[in-house]
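J.: following is a predicted model, sequence given first.
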Amino acid sequence: MTGSEVREIRDLYKLEIAEFAELIGVGLSTIYRWEACKFSDVNIDPFQKRIMKVMKSQIEEQKNPDAMIKQIGACLARGGGLLGLHCLLKHVYKEILR
């Protein structure tokens, strides 16, 4: 995954760097470092890489991605990264169980 792909995922969800970092469980400097490597592969923990792949696939598969983005943003604002991740995973499993 390149820095441009990381930035694309963050932009798709309309998240600030701090929100995105909290959601996937890394520090701000990590996001800055990843995004600075625009066209080269960045060293991302497999767990964070998996979260980002799920985020990208969910936004592509959603019929109404703006509603999902707003819900995840609201979860981040209310309860931080873990609640935001919970909201994301809830959407993922809802789609799988259909």
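T.: Sure, I can see it. Numbers count the residues shown, from 1 in each chain.
J.: tell me where the model's unsure across the chain.
T.: Along the chain, the parts satisfying pLDDT under 70 run over 94-98.
J.: rerun that using 90 as the cut-off
T.: Judged against pLDDT under 90, the low-scoring parts of the chain cover residues 1, 12-14, 19, 22-25, 38-40, 45-98.
J.: can you pull the buried residues of the lengthiest helix in the chain?
T.: Taking DSSP state H as the criterion, the chain has its longest helix at helix 65-97. Applying a neighbour-count criterion of 16 or more other Cβ atoms under 10 Å, the buried positions in helix 65-97 are 68-69, 72-73, 75-76, 81, 83-85, 87-88, 91. Where you see a C-beta, it was placed from the backbone N, CA and C, and this is true even at glycine.
J.: just flag the most distant two among these.
T.: For the buried residues of helix 65-97, the farthest-apart pair by Cβ to Cβ is 68 and 81; their separation is 16.8 Å.
J.: what helices or strands is the longest helix of the chain leaning on?
T.: Other elements packing on helix 65-97 under the criterion 3 or more Cβ pairs under 8 Å, 6 or more residues apart in numbering; DSSP states H and E are helix 17-24, helix 46-61.
J.: perfect, I'm done here.
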